[in-house]
Structure formats: C-alpha cells, structure tokens
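Trainee: coords please:
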Amino acid sequence: MKKYLPIVIPFVLFLLGTGANVSAQCPGCVVNSATCNPPGGGICPDSVPAATVGLAYDEDVTFYLPPDVNTPFGMRPLLQIKIDAITGLPFGINWQSNSANNTYVLNGQGGHGCVKLCGTPVGTPGVYNITITVTALVAVGGILGNQTGQQTFNLQMMLLPNTAGNSAYNFTPGSSCDFGTFNFTPNISATLPMMVTYQWDFGNSQTYSGANPPPMIYSVPGNYPVTATVSYYELRLTDLSVSLTPGVDCWFAGDIEELSCSNGNVDFFFTYNSGTFNYTSSTVSNSPSASWSNLNLPINNNVFSFTIWDDDNGPPFGSPDDNGGTYTGSLTAPGTFNFNTTAVSSGGGGTSGTYTITPVFVNSFTITDTIKVYASPAQPNVSVSANSMCKGDSVLLSTNSIGYVYEWYVNGMLIPNSNFQQLYTKDTGNYFVKVIDPASGCFNTSQTIPVSFYPSVPSNFAIILNSSNGNLQSNLSGSYSYQWQILTGSNWVDIPAPAGVQSFYTPTGNGTFRLIATTPNGCKDTTNAFVFNTFSVYDPEVSTSFSYFPNPTQNLLNINLQLEDNSNVKVIIRDLLGKELIVEDWGVQYGIINQQIDLSVLPSGTYILDVELSNGTIRKKLIKH
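Mentor: Have a look, this model is predicted:
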C-alpha cells in the first residue's frame, strides 16, 4: 500500500518527541486543550525538559492533531494515527498516553491527546538516539480509498548528569580502571545539518580541541576537574555567485526586455527551496554575473535546490521571467562548491557558479566534572540455561552481579532495552554483559558466552496425501527421523517400526494420524492431526449382497449386487481427494444385478468406489494397474 506518511511528519515529529519506554506505567496525564492548538499540529510545551540521572521525572505533554494533511492529491482528512513503537530511551523513563492502545481516531475532525513521561532514569548521561515507528491513515479518496503507511523516525533525547555525572562526555576508567590512564568519549553528536565541536581542559595542564582527545594520564590519585565546552553549529547556505557567458548562454534573450544576448545584460535572481522552506533573493540587474552573501538559508533533510532566473516585467506588457535552470544539492560538509545549471527557457546555455555552506553558531555550554578514584565492579559471571537450543526456543542468560546498571551485548552490539539482570534471547551469537556502578561510572564486562540455535523443523511441516498410491507422507525433504502416531481414544499411540518410522505411512484403515519429525540435532515438531477416512464403509440399512472383482484390476471391473427392495443405484469412481471421475446412474433396480464398468480411461492408481443406494452408500478401495 502506498505510503503517505511523509505528509504527516511535521506534527508527528512533535508528538514523537515525547516518547519513552514501551511499558505503560505513567497514568494520569492531563490534556491542555484550551491553549494547545498550533496550526498544522504540534505539542505543548514545544520542547520536553531534559531528564537527570537519579532524579524523579514527571512531565505531561499535550499534542494537537489537525483534521487535514497535505498529500500529493491536495489536502485530505487525517483519519487515524498510532504510535507503534518507541525504543532507545534511557532506562527508567516510562510513558503512557491517554489512549488505551496509543491510537487516535480522528475521522478528519482533528483532536487532542496527551502523554505522561515519568520514572527515575539511570545509566550513562548523554544524548540517546531514539527510534520511533508510527502508522497514519489518510482518506485519499477515489479509487485509492484510505491509505496507510508506516515510517521510522530518529531523534535524540538528552539525559543530564546528576551532581556526580556528566552530560557532555564519558571517561573511563574509574579508580582502578586501566591504571589511571583515562579515555574521554564525547556523549554529544549531531547529524547534518547540525555540527558539534569540543574544547577540553583536563585539569592536568593538558588541553585539546576536538571531539576525541587522546588518552590522558593522571599519575597521582586525587580529584581532577575536567572541563568541556561543547558548541553547536548549523550548516546553512550563506553565499551564492552565478554567471553566464555573453553571446553563448542566450536563454534570457529574445524577449521584450532583452532582445539580444551579446551583452549579457541579465537581471539575475534566484529562488531557493529546502523542505518546506522557500526563499526568493533580491535582483541584480543588467549584469552577466551576480552574487549574494549573508543569506543564512536553512537546509532541511540535507537536500536543497535553487533555480536561477532572469527577472522580466511579466504579462500583459512584458515577458515572463526566464528560467536559467535548477541545481539540486545534497549536504555533505561545509565549504564552497561549484554548480552548473541548464536553462529551461529557449535560447540555449545555462549558468555556472559557486555556493558556500557555512557552520552558523547556535549555542554552547560548558560542563566540569571531576576525575575520582573508585573501585570497579568485580567481573560479572554469566550463567546460561543452555548453550544450544532449537530455533524458536529461548535461552536465559543471567548475571550474579547485583545492584548495578546492566547492558547486554551480542556480537559486540548493544541490545536495545536490555537493562536487566537477566536476558532472554532466541538469536545465535556471542553474548556478554556490562555492569556499571551508577555511583562512579566504573564498569566491568563478563566473558563472552556463545549461544547457538540449531535449525528447527520448518514451520510448514504437514502431512499430505499422495493421491497416486494412497499413502500419507511428510511434505519435508532432507534428513529427518519420523514417528507416526494414531489417535486411540484420547491418547496418541506410536505406530511401531518399520511402518511407523518412515517418511510415509500406508493406512490400513480409517483414523486420525499425526507425524513427529526430528532433526539430526534433536529438534522436534509435530504436525496437526490428519483425519483419514478414505476407506469408510456406510452400509445401507437394507438386506444387500455386494461384491466387486477383480481388485486390483486393469480395465474392467465387475460389480455384483442383490437387492431385496427397490432402490436407486448410482456407481461413482472417485480419486482420493473425492473428485468424481466416472459416474453411472443405473436407475431403480431390484433383485440380482451384474454390471461391468470400463476403467480404461483412468491412469494407474488408487481410487474410491462408491455404490449409492436409496438407504445408504457402500464405499470400497479400488486399485487399477
């Protein structure tokens, strides 16, 4: 189904800024509908206060969802929006909306909702990358009807340190970690168009400019103030220069305002677009070149475009503006870059020039922390319920270290929301746990524990009926061991070997069967029950003598029937799936009946013979060679 979620990004992102862990443990949020009605949707307040390690947090956020959203087909009613999942937040922060299932049904009327954030966060201070998944339902109309789409958003949330923490950087080790050699890691990063810079003073007569300083040695135990100044910058388009070659680039000429292109007298201006931001520059008149500075144009979603124009007087007494072509750029880094455009207006040629991307200062802050000497936690031990299991089962890993913050890793990657003493997993990999002392930040890691999951029996494992020979058989191929079972009363009973331990089974009568498959590594699965009633005989409640021969037969089948009362007689030959292949209606019969049926049209195989009488049906197994 076509995704229209980009149309709801502006107000969805406001809402998503309130996300927290998936558990709902924060009831009682209060909707502020009186003053929260921002155009196009949004939240109130427009930013969420930062959380602080070890301190209780409780905030209500009201959001407004508009009745209509802009789509490729114009404004269309927003019917519903749902928060599907929010992951990656600091451990200890929980959330609960005022909707039982986090779904808001709007039906094009708009509406309000709220989310309460609460809890006591623990863990490492810094910036947490949050992933949010939402689903929106929009009434597009026409043959497209209602359209839904799911989209993932990424944003950041700040967890500030408490009086002993640090939001700007982490440092390792603590007291006995790595013998007094400390490594500093920035906690704050940004994605384009934002940039972050660091300026350090380590309190040991050493300074450094940059996000990742070299290791610092503190040769004497004690307290060392470490100061980091973090500055934020936003990359913006600040300068643009454009020119053309007179007599060559003639796209602007041939109209009332510029009859000839030989002198290049262009009235340059440009239009700029990035996301929802649009800008039109001033005009530089009668010149083959132009430049603009101090533009300070934002770059949304790291993509921008600008179109070069020749400013004309416009209808009815002048000519429309001439289009010198559009350039589309992607943000990669600050600097000055070349561009070229190809004119859209007739006359040929285009333009060339440069544009400059400049970091524009936003704000900065300074944080000072103190290096202290603390004891690191002892190396945690990890116990595992089983190192090898069948795929689909769960393995429990647990550590005996108590009173710490926990982070579980698989193959060196942090497992989201794994901040517990125990971890259940269904995935193969090498696992270890990191335990962190929340008072000091010192940590230790366990040894790596390998966990593997053997291939299980495929989920589509089932019994199928082989219509050519009447056998029940497994639909699997490969190396499996089997055990057939038959339902006897309320108990499943193994069918003895050798017949009961093959991939197929030839029933000797009607019954309910199931099959157990076992992989070479011992993983098992059992099919659903299979009811087999091909050989059922429903004897008519009349005195009837019946025989048929030969069986097996090649082409001709003799049927002998003796009826003591008048009865309709119909003979039907079916395949094992019940499809009628030969039907002969003998009408009302009485007494002795000897008839012959030609089976030459049937291929070799196993069939069902039904003789339908007025008071019942005789059913027999028939084999044709």
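
Trainee: And this structure, split by domain according to the record?
Mentor: Per the record, the chain has its domains at 5-160, 166-374, 382-447, 463-532, 544-624, by automatic domain parsing.

Trainee: Same list (those domains) but as TSV, adding mean neighbour count.
Mentor: Bear in mind the C-beta positions are built from the backbone N, C-alpha and C, glycine included. As requested, the domains of the chain are arranged in TSV below (neighbours: other C-beta atoms under 10 Å):
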stretch	mean neighbour count
domain 5-160	18
domain 166-374	17
domain 382-447	17
domain 463-532	15
domain 544-624	15
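
Trainee: Need the ones you listed in CSV (columns: distance to Ser456).
Mentor: Formatted as CSV, the domains of the chain follow (distance: least, C-beta to C-beta, whole Å):
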stretch, distance to Ser456
domain 5-160, 27
domain 166-374, 40
domain 382-447, 4
domain 463-532, 5
domain 544-624, 30
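
Trainee: Figure out which of these is closest to Tyr454.
Mentor: Tyr454 sits nearest to domain 463-532 of all these, at 3.9 Å, using C-beta to C-beta.

Trainee: what's the distance between that closest one and the middle of its chain?
Mentor: Domain 463-532 has its C-alpha centroid displaced from the chain centroid by 38 Å (C-alpha atoms, centre = their mean, to the nearest Å).

Trainee: and what of stretch 224-233?
Mentor: Worked out by C-alpha atoms, centre = their mean, stretch 224-233 lies 36 Å from the chain centre.

Trainee: can I get the CA coordinates of stretch 504-514 in CSV?
Mentor: Extracted C-alpha coordinates of stretch 504-514, given in CSV (Å, rounded to 0.1, in the frame of the first residue of the first chain):
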residue,chain,number,x,y,z
PHE,A,504,5.4,-42.1,4.6
TYR,A,505,2.7,-44.4,6.1
THR,A,506,0.2,-46.6,4.4
PRO,A,507,-3.0,-46.6,6.4
THR,A,508,-4.7,-50.0,6.8
GLY,A,509,-8.0,-48.3,7.8
ASN,A,510,-9.6,-45.0,8.7
GLY,A,511,-8.2,-43.0,11.6
THR,A,512,-6.7,-39.7,12.9
PHE,A,513,-2.9,-39.5,12.4
ARG,A,514,-0.1,-37.2,13.2
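
Trainee: what's it in contact with?
Mentor: 463, 466, 469-474, 484-487, 492, 495, 499, 515, 526-536 (C-beta atoms under 8 Å, 6 or more residues apart in numbering).

Trainee: Okay, helices next: where are they in this structure?
Mentor: 9-16 (DSSP state H).

Trainee: rewinding a little: need the domains of the chain in a markdown table with mean pLDDT, can you?
Mentor: Converted to a markdown table, the domains of the chain look like this (pLDDT from 0 to 100):
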| stretch | mean pLDDT |
| --- | --- |
| domain 5-160 | 71 |
| domain 166-374 | 89 |
| domain 382-447 | 86 |
| domain 463-532 | 89 |
| domain 544-624 | 88 |
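
Trainee: quick check: longest strand of the chain.
Mentor: Determined from DSSP state E, the single longest strand within the chain is strand 350-371.

Trainee: and it, which strands flank it?
Mentor: Strand pairing for strand 350-371, using DSSP bridges, gives strand 224-243 (antiparallel), strand 335-342 (antiparallel).

Trainee: any chance of those strands in a markdown table, plus distance to Val601?
Mentor: Formatted as a markdown table, the strands paired with strand 350-371 follow (distance: least, C-beta to C-beta, whole Å):
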| stretch | distance to Val601 |
| --- | --- |
| strand 224-243 | 80 |
| strand 335-342 | 73 |
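
Trainee: Out of those, the one nearest Asp427 is which?
Mentor: Per C-beta to C-beta, nearest to Asp427 of the strands paired with strand 350-371: strand 224-243, 36.8 Å.

Trainee: Just give me how far that closest one sits from the chain centre.
Mentor: 34 Å.

Trainee: Val335 is in contact with Ile357, isn't it?
Mentor: You called it Val, but residue 335 is Gly. Yes: A contact is recorded between Gly335 and Ile357 when judged using C-beta atoms under 8 Å, the distance being 6.0 Å.

Trainee: right, and the strands paired with strand 350-371 - which one's nearest Gln447?
Mentor: Nearest of the strands paired with strand 350-371 (C-beta to C-beta): strand 224-243, 31.7 Å.

Trainee: Return the alpha-carbon coordinates of that closest one using PDB.
Mentor: The C-alpha coordinates for strand 224-243 follow below in PDB (Å, rounded to 0.1, in the frame of the first residue of the first chain):
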ATOM      1  CA  TYR A 224      40.900  16.500  38.700                       C
ATOM      2  CA  PRO A 225      38.500  19.000  37.300                       C
ATOM      3  CA  VAL A 226      37.800  18.200  33.600                       C
ATOM      4  CA  THR A 227      36.000  20.900  31.600                       C
ATOM      5  CA  ALA A 228      34.500  20.500  28.200                       C
ATOM      6  CA  THR A 229      33.000  23.300  26.200                       C
ATOM      7  CA  VAL A 230      30.500  22.000  23.600                       C
ATOM      8  CA  SER A 231      29.400  24.200  20.800                       C
ATOM      9  CA  TYR A 232      26.500  23.600  18.400                       C
ATOM     10  CA  TYR A 233      26.600  24.800  14.800                       C
ATOM     11  CA  GLU A 234      24.000  24.500  12.000                       C
ATOM     12  CA  LEU A 235      25.200  24.200   8.400                       C
ATOM     13  CA  ARG A 236      23.500  26.800   6.200                       C
ATOM     14  CA  LEU A 237      23.800  28.100   2.700                       C
ATOM     15  CA  THR A 238      25.300  31.600   3.200                       C
ATOM     16  CA  ASP A 239      26.700  32.700  -0.200                       C
ATOM     17  CA  LEU A 240      25.900  32.200  -3.800                       C
ATOM     18  CA  SER A 241      27.500  33.500  -7.000                       C
ATOM     19  CA  VAL A 242      26.300  33.000 -10.600                       C
ATOM     20  CA  SER A 243      27.500  34.000 -14.100                       C
END
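
Trainee: Make 48 the first number, not 1, from now on.
Mentor: Sounds good: first residue 48 from here, last item strand 271-290.

Trainee: any residues touching stretch 431-450, and which ones?
Mentor: 424-425, 427-430, 453, 455, 468-473, 478, 480, 482, 493, 496-503, 566, 568-571.

Trainee: Relative to Leu512, how far out is Gly625?
Mentor: Using C-beta to C-beta, to the nearest Å, one gets 11 Å for the distance from Gly625 to Leu512.

Trainee: ok so, going back, Trp247: which of the strands paired with strand 397-418 is closest?
Mentor: Comparing the strands paired with strand 397-418 by C-beta to C-beta, strand 271-290 comes nearest, at 5.5 Å.

Trainee: For Ser614, give the beta-bridge partners.
Mentor: Applying DSSP bridges to Ser614, the residues it is bridged with are Gln636.

Trainee: Quick check: it touching Leu660?
Mentor: Yes: the pair Ser614 / Leu660 is scored as a contact, 4.7 Å apart, by C-beta under 8 Å.

Trainee: Gly450 and Thr238, how far apart?
Mentor: For Gly450, the distance to Thr238 - C-beta to C-beta - is 36 Å.

Trainee: Next, work out how far apart Cys308 and Ala390 are.
Mentor: Cys308 is 11 Å from Ala390, by C-beta to C-beta.
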